[in-house]
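1. give me the fold of what follows.
(chains A and B)
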Amino acid sequence: AQSVTQLDSQVPVFEEAPVELRCNYSSSVSVYLFWYVQYPNQGLQLLLKYLSGSTLVKGINGFEAEFNKSQTSFHLRKPSVHISDTAEYFCAVSRGTSGSRLTFGEGTQLTVNP
Amino acid sequence: NAGVTQTPKFQVLKTGQSMTLQCAQDMNHNSMYWYRQDPGMGLRLIYYSASEGTTDKGEVPNGYNVSRLNKREFSLRLESAAPSQTSVYFCASMGQLDQGNSPLHFGNGTRLTVT
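-> A predicted model of the protein is given here:
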């Protein structure tokens, strides 16, 4: 079985400050990892994904994440946030291959204040 | 370039009524999923279909049934709606990850209220 834990349910930050959203996972096999963003009243959009290769993954909107196998973590970072980054962020894990179950964390609400 | 299309966008049901949520994708993906999203609980998998002709239960299948009508379409049915099924429902599809293809694509959701 696999599981995902997002360590912070809410993260308030000021505009132009750096931010880190934390995600830990557990799985007995190799996994693929994702971060999704959900803006109010919309569906989920992919920010970035780790399938293999470099452990530092760059995504859209200036976000990046680092896969740490020893710590089973996949934390999301952005060096300078904007008001428009206010949204809910979901970490997800998949065992890979078509048809795998994708398991989501409970979400982190990022609120960027002026 | 529609991606994943869900209908309806909004629905209000009375307890005991039935309805079917429709989902279609035009990306030739093998896998399709139904999730529900509730405040503070993230997305929970109801059912998924790894390929045409197969369906499997997820975390919260009770009270729901699904049909993988063909490769494009995957419907979710509530036979007798209950207030606990008030939620936002998302359909998603996914191609083969290990071929570097597209990851999970979501529809825009169906907001269901059961009174």
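2. name whatever forms a beta bridge with the nearest residue to B:Q85 once chain neighbours are set aside.
-> Sequence neighbours aside, B:V114 is the residue nearest to B:Q85 in space, at 5.3 Å (criterion: CB to CB, 6 or more residues apart in numbering or on different chains). (Glycine included, C-beta is placed from N, CA and C.) In this structure, B:V114 has beta-bridge partners B:L13, where bridges are defined by DSSP bridges.
3. surely B:V114 and B:K14 touch.
-> Yes - the pair B:V114 and B:K14 passes the contact test of CB atoms under 8 Å, sitting 7.4 Å apart.
4. any shared contact partners between these two?
-> Overlap of the contact sets of B:V114 and B:K14 (by CB atoms under 8 Å, 6 or more residues apart in numbering or on different chains) consists of B:A81.
5. between the two, point out the one with more neighbours.
-> For the pair B:V114 and B:K14, the greater number of neighbours falls to B:V114 (19 against 9), based on other CB atoms under 10 Å in any protein chain shown.
6. which ones are touching that one?
-> Applying CB under 8 Å, 6+ apart, one finds that B:V114 lies in contact with B:V12, B:L13, B:K14, B:T15, B:A81, B:A82, B:P83, B:S84, B:Q85, B:T86.
7. which of those fall within strands?
-> Helix and strand membership here follows DSSP state E; of the contacts of B:V114, those in strands are B:V12, B:L13.
8. who are the packing partners of the helix or strand bottoming out on mean pLDDT in chain A?
-> Of all helical and strand segments in chain A, the minimum by mean pLDDT, DSSP states H and E falls on strand A:102-104, at a mean of 83. For strand A:102-104, the helices and strands in contact under the criterion 3 or more CB pairs under 8 Å, 6 or more residues apart in numbering or on different chains; DSSP states H and E are strand A:3-6, strand A:87-94, strand B:43-49.
9. near chain B, which residues of chain A?
-> Those residues of chain A that sit near chain B, judged by CB under 8 Å from any CB of the partner chain, are A:6, A:9, A:32, A:34, A:36, A:42-46, A:49, A:51, A:90, A:92, A:94, A:96-107.
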